[in-house]
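**Q** A predicted structure for the sequence below; I have some questions about it.
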Amino acid sequence: MTNLTRCGWVSSDPLYINYHDTEWGKPLHDEQKLFELLILEGFQSGLSWITILRKREDFRETFDQFDYHQIALWTDEKLQECLLNPKIIRNRLKINAVKMNAQAFIKIQEKFGSFDRYIWEFVNFTPIQNHFFSHQELPSSTELSLTMSKSLKKYGFKFVGPTICYSFMQAAGLVNDHITECFCYSKK
């Protein structure tokens with residue numbers, strides 16, 4: 001699979017290649033995985049995604065496998081324990097946001113029936129099919145990601161600015177931003 005044409009942002013790192021080929025841009029509807037992805041996108045802010053991928057299993061272990069029901073009940077001691085864990089990114093604001101975001105996630109589920117329904121409504125339940133020829137054309141944010149950001153913040157989410165929201169939309173398959181020459185690009 002190394003001879004395939006991929007998006008220009010993919011390095012030769014096998015972890016990155018696997019992520020691009022099997023996850024990025026594929027429509028995601030699993031509640032826990034959506035929560036995980038939104039949290040990890042927030043941690044990625046200011047860093048490279050490969051840094052997050054390399055620490056993803058450590059994040060899963062530290063953050064109770066991204067069980068948002070458990071995280072919503074975290075104590076101050078648990079938050080402090082996370083801050084002392086050298087295996088993850090130890091940013092106090094981002095770690096504190098994990099608990100707030102779990103609580104906000106549950107609020108949205110209660111109001112809309114599921115986070116999946118809430119988040120996919122932004123794209124009318126159908127992925128937006130973009131047609132970019134190079135990764136330099138990819139936007140860092142859009143009007144839609146700004147709207148999503150404002151909505152998430154209204155429910156109490158942190159670290160969900162328009163750029164983070166657009167990265168989330170790309171990763172969760174709400175938009176298909178594989179370049180047109182990429183073997184993952186769908187002409188649908």
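**A** Received, thanks.
**Q** can you give me the mean pLDDT across the helix or strand containing T163?
**A** Element membership for T163 (DSSP states H and E) is helix 162-171. For helix 162-171, the mean pLDDT works out to 98.
**Q** Mind listing residues that contact it?
**A** Counting by CB atoms under 8 Å, 6 or more residues apart in numbering, helix 162-171 makes contact with 23-25, 28, 37-38, 41-42, 44-45, 49, 122-123, 138-142, 144-146, 148-149, 152, 160, 174-175, 177, all of which sit outside it. Backbone N, C-alpha and C define where each C-beta goes, glycine included.
**Q** ok, now which ones touch the spatially closest residue to Y19 that is not a sequence neighbour?
**A** In this structure, Y19 finds its nearest non-sequential neighbour in L53, 5.7 Å apart by CB to CB, 6 or more residues apart in numbering. L53 makes contacts with 15-16, 19, as judged by CB under 8 Å, 6+ apart.
**Q** for G42, same thing?
**A** Contacts of G42 (CB under 8 Å, 6+ apart): 94, 97, 101, 158-160, 164.
**Q** For R6, state which of these is nearest.
**A** I164 (23.3 Å; CB to CB).
**Q** And for the closest one, the neighbour number?
**A** Close neighbours of I164, defined as other CB atoms under 10 Å, add up to 23.
**Q** Can you tell me how far it is from E61?
**A** Per CB to CB, to the nearest Å, I164 is found 23 Å from E61.
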